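**Q** build me a structure from this.
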Amino acid sequence: MWAWRHDLIDIPAAPLPVRVAMVQQSVDRLDRQPNVDPPGTPRMVSMTIPETRPDGAPTDGARVEEALRLLSGAPVEVDVAVKRLSRGSGVYAWWAGPSILPDLPGPPNDSIPSLRLLYLGRATSLRGRILRNHLRRSGSSTLRRTLAGLLVSEGYRTTWTDRVVLVPEDEARLTAWMSAHLRLTWAEDAEPTTIEAELVRRLHPPLNVHGVDPEHIQAAVVAAKNSYNASSRPDEPSQTP
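**A** Below you'll find the model as predicted:
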């Protein structure tokens, strides 16, 4: 069982462009904040978990089952997640409706079967990982790079820094697309690395490649990642006579 603390950030219902702008403002504020939880930041506090080790800590199996239970809860929209995510470590899952990337079906959500799993990951800071990386920087988000490679019709443009990244305008466009079409669940865990591998092995998220059994790796996802990585290259040094 888990208990929630409510956040002080409030993003009211609003048209999508306004909500996307509010999400971006929250991301900008996060970059300026020290890496400590402000008063009121929500946390899922463990109260009772069965299957404990002799030292009283939950077993890996119990932690996997609890994370799976939380990840299978009702996914929330991005602007709601912005209000609730804390800086605790844990695992997270991205979900979408069947019309989004329909050729890459993932398992349905237990609470809302019309949503299906797209991607699963871990984070040392859930808030930082989602807001600073997945909702902002393609250079530090495998999910963003994969989506940019898959969504060919969106025409996302890239450039080269020390790696392939989206141009600033298209970073914003991709964030808006994610806010409109994707949903999120998460579960806090002190050592997420030890449970992420088992969750990926069980659930086969279609956009994941690392840790997925070879027979479940999606060729379209591998091709999209390769296409994205090849879309920009460093400038060739100028030839001097």
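
**Q** for stretch 167-182, give the mean pLDDT please.
**A** Stretch 167-182 shows an average pLDDT of 98 in the prediction.

**Q** touching that stretch from outside, list them.
**A** Stretch 167-182 is contacted from outside by 16-17, 19-20, 23-24, 77-79, 94-97, 100, 118, 134-138, 144, 147-148, 151, 154, 156-159, 165-166, using Cβ atoms under 8 Å, 6 or more residues apart in numbering. Placement of C-beta: from N, CA and C, glycine included.

**Q** sticking with the residue lying closest to A224 once chain neighbours are set aside, tell me its helix or strand.
**A** Spatial nearest neighbour of A224, chain neighbours left out: G149 (3.2 Å); criterion: Cβ to Cβ, 6 or more residues apart in numbering. Assessed by DSSP states H and E, G149 sits inside helix 142-150.

**Q** same question, R87
**A** Secondary structure from DSSP H and E places R87 outside every helix and strand.

**Q** retrieve the pLDDT associated with it.
**A** R87 is given a pLDDT of 95.

**Q** pull out the buried members of the contacts of stretch 167-182.
**A** Listed as buried from the contacts of stretch 167-182 are 19-20, 23-24, 77-79, 94-96, 100, 118, 134-136, 138, 144, 147-148, 151, 156, 158, 165-166; burial here means 16 or more other Cβ atoms under 10 Å.

**Q** circling back: and the residue nearest to A224, what is it in contact with?
**A** 223-228 are the contacts of G149 under Cβ under 8 Å, 6+ apart.

**Q** which ChimeraX command selects the buried ones in these?
**A** Typed into ChimeraX, the line below selects the buried ones among these, using 16+ other Cβ under 10 Å:
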select :224,225,228
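
**Q** filter the contacts of G149 down to the ones in helices?
**A** Among those, the residues falling in helices (DSSP state H) are 223-228.

**Q** okay, now A74: neighbour count?
**A** A74 is flanked by 12 other residues according to other Cβ atoms under 10 Å.

**Q** so the nearest residue to it once chain neighbours are set aside, which of the three states?
**A** Nearest non-adjacent residue to A74, counting by Cβ to Cβ, 6+ apart: S111, 4.2 Å away. Counting by DSSP: H, G, I helix; E, B strand; the rest coil, the backbone at S111 sits in coil.

**Q** what number of residues lie near S111?
**A** Using other Cβ under 10 Å, S111 has 11 neighbouring residues.
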